[in-house]
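Colleague: give the three-dimensional model of this entry:
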Amino acid sequence: MKQHFFVFDPSLCFGCQGCVAACINVNHIKGDQQWRKVFKLPPHHGNHDTMYLSMACNHCENPPCVQACPANAMQVRQADGIVILDQDRCLGCRYCQMACPFDAIVWMEDTKTVGKCNMCCERLDKGQEPACVETCFSGALQFVTLETDEEKDDWLKEIIGFDHDKEAKPRLRFVKDLKNNPSEQKK
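Modeller: Next up, the predicted model:
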């Protein structure tokens, strides 16, 4: 089965929040109920460069949110593994939100349900990229489709500021310093 992944290169991100704005615009999100967030990370091990991390739902291979939802409002699309939410079925119990190890599910005060990134599956179905990827000015946020376990394991799973949950198996991978070393893209 093909699976979609977000790929992120923190060396290219300058924290412009364009990905956040695109997500808000496409999904008509109100207030501070953002489904994608950009985090400014503190310096690490003597590195004084500012680093940012763009995060949304990681569309895990083994999503705890799907297992926790008593209404089956959270489901995995069989064709591509995207974790989708049917807000009409959502009870507002927030069990999925509590189960998510990445804090990617947001309480939507106006509807009294949860909300989350759906990887712009409507856009994908039309052959378009997710809005956050399309809007990323620096190319830090990318979108790939992988089919084999070898391809999935070829990308970095962890970087500073992100702990890969080995049970959930998030579909987020990282590129390390692509702008300075293009040959190292998948190492």
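
Colleague: helix or strand for the residue lying closest to residue 7 once chain neighbours are set aside, which one?
Modeller: Distances taken as CB to CB, 6 or more residues apart in numbering put residue 142 closest to residue 7, at 4.2 Å, once the chain neighbours are dropped. For the C-beta atoms, the positions are set from N, CA and C on the backbone; glycine is no exception. For residue 142, the element it lies in under DSSP states H and E is strand 141-146.

Colleague: what helices or strands is that strand leaning on?
Modeller: Strand 141-146 makes packing contacts with strand 3-8, helix 131-135 when contacts are defined by 3 or more CB pairs under 8 Å, 6 or more residues apart in numbering; DSSP states H and E.

Colleague: report the angle between the first one and strand 141-146.
Modeller: Using axes from the mean of the first three to the mean of the last three CA atoms, to 10 degrees, one finds that strand 3-8 and strand 141-146 are set 150 degrees apart in direction.

Colleague: mind checking which helix or strand of this protein has the lowest mean pLDDT?
Modeller: The helix or strand of the chain with the lowest confidence, counting by mean pLDDT, DSSP states H and E, is helix 149-153 at a mean of 69.

Colleague: continuing past that helix, what's the next helix or strand?
Modeller: Per DSSP H and E, the first helix or strand lying C-terminal to helix 149-153 is strand 172-174.

Colleague: average pLDDT for that following strand?
Modeller: If you average the pLDDT over strand 172-174, you get 88.

Colleague: show me what that strand is packed up against.
Modeller: Short answer (3+ CB pairs under 8 Å, 6+ apart): strand 172-174 packs on strand 3-8.

Colleague: show me the contacts for the closest residue to residue 101 other than its chain neighbours.
Modeller: Nearest residue to residue 101, sequence neighbours excluded (CB to CB, 6+ apart): residue 165, at 4.6 Å. If you count contacts by CB atoms under 8 Å, 6 or more residues apart in numbering, residue 165 has them with 60, 101-102.

Colleague: name the SS class of residue 24, please.
Modeller: With DSSP: H, G, I helix; E, B strand; the rest coil as the basis, residue 24 sits in helix.
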